[in-house]
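1. here is a sequence together with a model predicted from it:
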Amino acid sequence: MDFLTLYTTALDFELGSEDRSELFTLERRKLAVNRAQREFARLTQCYIREFTVPLVDGTSTYDIETATGDVFVNFSRRPVELVRTVGAVVTLWPLHRHDVPWLDFHRVGWRDSSVKGVPEIVAYNPDAGLANVILVPMPAVPATETWALRVAALATPADLTADTDQPFQLALDAPVQLEPYHWALAHFAASLLERLRKDTEAVEHQLALFGAYVSDYLGSRRPRGQHNRVSQQRDYLKGSGHVVGAIVQGDPRV
């Protein structure tokens, strides 16, 4: 579903109004859809981008946030990989992920070590910033090779601007896996716009439908046999009604 469809057809349906110039202006509709995209990404951690950080011989510390720009939110569960390129041959090495206290306990003396080699561990160093990492051992990059870190990170999706833009369009799992959840953005956007009519019941109804999509997405990604409840800042699921797969009852696409 493209941006145009979301801020026109989808919101027309959810709001029960085709007003696009007085209360529900196009500008307000677009802002609401973009805020909805960010909220769905925040709650579900669905927006994962892949970034490549070049490595320098003898340099052990890297700031992933600086390398990826302002879109970086946190590391995803996917492994950080060492990418070694020799001519046309590319080799991937998954790195063990730990933190600095783990290194202090298990790799005593690592802070003063000048040993170089092929990194085995990528350690987070929160004291120096959320995305600061240390490679152990520090990389020894041969002159004939190019080394880099490949990081699959949780990110903030860029705002939709063009009418043909797709939600989450740069995510690793887009567009097929996330397309069934696009209508969730219409529900959250409608909840924001219903506040302009001061319709509290409609606001809560739209938030509940949005929450059902969030719950469905998280449930579909939960490992089999795991039943832990996901905690959210607010209970979007209160009064959400019945969920059928990724489609909530009342969705016009059913």
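-> That came through, no problem. Numbering: from 1, shown residues only.
2. mind telling me what element residue 101 is part of?
-> Using DSSP states H and E, residue 101 sits in helix 100-106.
3. which residues of the stretch 51-200 of the chain fall in helices?
-> In the stretch 51-200 of the chain, the helices defined using DSSP state H, counting those that start in this stretch lie at 64-68, 100-106, 183-194, 200-221.
4. out of those, nearest to residue 163?
-> Residue 163 sits nearest to helix 183-194 of all the helices of the stretch 51-200 of the chain, at 14.9 Å, using CB to CB. The way it works is simple: take the backbone N, C-alpha and C, and place the C-beta from them, glycine included.
5. as a whole number, average confidence for the closest one?
-> The average pLDDT within helix 183-194 is 97.
6. how much space between residue 143 and residue 11?
-> Using CB to CB, to the nearest Å, residue 143 is found at 57 Å from residue 11.
7. quick one, which of these two is more surrounded?
-> Neighbours per residue (other CB atoms under 10 Å) separate residue 143 from residue 11, with residue 11 holding more: 27 against 5.
8. any chance of the helices of the stretch 51-200 of the chain in CSV, with mean neighbour count and distance to residue 173 too?
-> Below are the helices of the stretch 51-200 of the chain laid out as CSV (neighbours: other CB atoms under 10 Å; distance: least, CB to CB, whole Å):
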stretch, mean neighbour count, distance to residue 173
helix 64-68, 17, 18
helix 100-106, 13, 30
helix 183-194, 26, 15
helix 200-221, 19, 10
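9. let me have the ones you listed in JSON lines, extended by distance to residue 147.
-> Formatted as JSON lines, the helices of the stretch 51-200 of the chain follow (distance: least, CB to CB, whole Å):
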{"stretch": "helix 64-68", "distance to residue 147": "14"}
{"stretch": "helix 100-106", "distance to residue 147": "21"}
{"stretch": "helix 183-194", "distance to residue 147": "39"}
{"stretch": "helix 200-221", "distance to residue 147": "32"}
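10. of all the ones you listed, which one is nearest residue 42?
-> Taking CB to CB, helix 200-221 is the member of those nearest to residue 42, at 10.0 Å.
11. ok so, going back, which outside residues touch the helix holding residue 101?
-> 98, 110, 111, 121, 123, 124, 125, 126, 127, 134, 136 (CB atoms under 8 Å, 6 or more residues apart in numbering).
12. how distant is it from the center of its chain?
-> 29 Å (CA atoms, centre = their mean, to the nearest Å).
13. from now on call the first residue 18
-> Sure thing, new numbering starts at 18, so read that last one as helix 117-123.
14. mean confidence score for that helix?
-> Mean pLDDT, helix 117-123: 91.
15. what about the strands in the stretch 68-217 of the chain?
-> 78-80, 89-92, 98-103, 106-111, 113-116, 133-134, 138-141, 149-153, 155-156, 163-172 (DSSP state E, counting those that start in this stretch).
16. shaky segments in this protein?
-> Residue ranges of the chain with pLDDT under 70: 87, 145-147, 191-193, 240-271.
17. gap between the closest residue to residue 100 other than its chain neighbours and residue 211?
-> In this structure, residue 100 finds its nearest non-sequential neighbour in residue 165, 4.7 Å apart by CB to CB, 6 or more residues apart in numbering. Relative to residue 211, residue 165 is positioned 47 Å away (CB to CB).
18. from memory residue 152 sits against residue 74, does it?
-> No. The pair residue 152 / residue 74 is not scored as a contact, 11.5 Å apart, by CB atoms under 8 Å.
19. out of these two, which sits in the busier spot?
-> residue 152 (23 against 13).
20. what sits against the more buried one?
-> Contacts of residue 152 by CB under 8 Å, 6+ apart are 72, 77, 78, 79, 112, 136, 138, 139, 140, 166.
21. ok, and the closest non-adjacent residue to the most centrally placed residue in the chain?
-> By CA atoms, centre = their mean, the chain has its centre lying nearest to residue 64, at 2.5 Å. Computed as CB to CB, 6+ apart, the closest residue to residue 64 that is not its neighbour in sequence is residue 58, at 3.9 Å.
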